[in-house]
Every structure is written in C-alpha cells, then in structure tokens.
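Q: whatever this is, show me its structure:
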Amino acid sequence: MKTILFCFSFVLLMANSSSDVITERFQTRTGTITFQASVDTFEPIEAINKSTTIVLDVNSGDLAALALVNGFRFPNALMQEHFNENYLESDDHPKAIIKGKLSGFKATAITQNISKTYILDGTLKLHGITQNISIPININRTGKSIQLSSDFVIKPQDYKIEIPKIVSDKIADEVLVSVKAELFKNY
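A: Alright, predicted model coming up:
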C-alpha cells in the first residue's frame, strides 16, 4: 500500500512539475492592432485597437490573440459607427481571434536577445468567418520581455464583409493589418 501511495504521489509531483514547463507563457493585454483600408484619392480609412490580448506559449510555439472589434478607434466617429454597425457588425461578431503555431519556434529561441521571423500557421476568425492564415511574426527577445510584430493583408470579401457599391471605390480591396506587442512572462 505504501508503494502504491508513493508511486501515486510521484506521478502527481511529476505531472505538476511538467505542467509548469508546458505552460510557460508570455502575454499582454495591451497589444496594438492597426489597419489601413485606404484608397489614395480618398479620405484615409484607418483605425487602432490598443487593448489586444496576446498569449505565446514558449514551449509549444502556440500563439493566440483576441481583439474586441468595437475596440478599434477611428479618427472619424462616423467611420467608427459604420465599421461597427454596417461592416463588421460588432454586436453579432464582437471578437477577432487568431490562433496558431509558430513554425520552427523553439523555447531556446527566447533565451537569447535575438530577433527572428517565424511563420504563424493557424486561423483568423473575423465577422463570424474562420479562414486559414499563414503570416510572418517577428519575435525579438529584449531583457525580460518579448517584442512581437507582424504585418499582413486580409481581404474583406474572404470574411463576407459586404462593402456597399456606393463606397466600394473608397475602400481598398486588401486591408493592411499591423500588430505590435510587448509580452511579459505570466507568473
């Protein structure tokens, strides 16, 4: 009986210690996403969201990001209203979510102060539609934090975002998305 109890205790101890290693995460709740959907001859269409949650599991290379759609701020209040009510329909689809794995990422990559670009293979859920994505993510370890940045393009039609014909010539067919964040170890 003592042997069974000892083995059970050892298994629990190992499970707890290995789960600490498995779940080493860096995260932020203040990541920044900007997008630009402008056409040169018209008023700039751009917005910023400074409250994006991003989590990186450094042992697995899994990365997830969540932005509240109504958290995007525009320089023009009417644009912001149209964005939320007519295009992204943020009451029905309140979140934009990226999930994926950084190809070739190893935990040892963050032990040095180096910068390297990885490819995030995963999904982007926007406007209730989930699409596969493969986007570059630059990871730069600086001291106790990890700097993360990415620039990529999405097409509104891929996410069934309908642009009325009357304004379709004022909005770009491809939207440039930029992400910047400083992640800190989650203790």
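Q: count the residues that sit near K144.
A: 8 (other Cβ atoms under 10 Å). Bear in mind the C-beta positions are built from the backbone N, C-alpha and C, glycine included.
Q: over to F184?
A: Other residues lying near F184 total 12 when counted by other Cβ under 10 Å.
Q: for stretch 128-144, which outside residues touch it?
A: 56, 63, 92-93, 98, 100, 102, 105, 109-125, 146-152, 158-160, 184-185 (Cβ atoms under 8 Å, 6 or more residues apart in numbering).
Q: keeping just the C-alphas, turn that stretch into CSV.
A: Provided in CSV are the C-alpha atoms of stretch 128-144 (Å, rounded to 0.1, in the frame of the first residue of the first chain):
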residue,chain,number,x,y,z
GLY,A,128,-18.1,35.0,-37.8
ILE,A,129,-15.9,33.5,-40.6
THR,A,130,-12.8,31.4,-39.9
GLN,A,131,-10.0,31.4,-42.5
ASN,A,132,-6.7,29.6,-42.6
ILE,A,133,-3.8,32.1,-42.4
SER,A,134,0.0,31.9,-42.8
ILE,A,135,1.6,35.2,-41.7
PRO,A,136,5.0,36.3,-40.6
ILE,A,137,5.6,37.1,-37.0
ASN,A,138,8.8,38.8,-35.8
ILE,A,139,9.9,37.7,-32.3
ASN,A,140,12.5,39.8,-30.5
ARG,A,141,13.7,38.9,-27.0
THR,A,142,14.8,42.0,-25.1
GLY,A,143,15.6,41.6,-21.5
LYS,A,144,12.5,40.2,-19.6
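Q: need the next SSE after the helix or strand bottoming out on mean pLDDT in the chain, C-terminal direction.
A: Ranking every helix and strand in the chain by mean pLDDT, DSSP states H and E puts helix 2-22 at the bottom, with a mean of 39. Proceeding N to C from helix 2-22, the next assigned helix or strand is strand 25-38, under DSSP states H and E.
Q: and that next one, what's buried?
A: Neighbour-count burial for strand 25-38, counted by 16 or more other Cβ atoms under 10 Å, picks out R25, F26, Q27, T28, G31, T32, I33, T34, F35, A37, S38.
Q: any chance of these in a markdown table, with distance to A47 and pLDDT too?
A: Below are the buried residues of strand 25-38 laid out as a markdown table (distance: Cβ to Cβ, whole Å; pLDDT from 0 to 100):
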| residue | distance to A47 | pLDDT |
| --- | --- | --- |
| R25 | 28 | 95 |
| F26 | 26 | 96 |
| Q27 | 23 | 98 |
| T28 | 19 | 98 |
| G31 | 15 | 98 |
| T32 | 11 | 98 |
| I33 | 9 | 98 |
| T34 | 7 | 98 |
| F35 | 6 | 97 |
| A37 | 9 | 94 |
| S38 | 11 | 90 |
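Q: biggest separation within these, which pair?
A: Spanning the widest gap among the buried residues of strand 25-38 are R25 and S38, at 35.7 Å by Cβ to Cβ.
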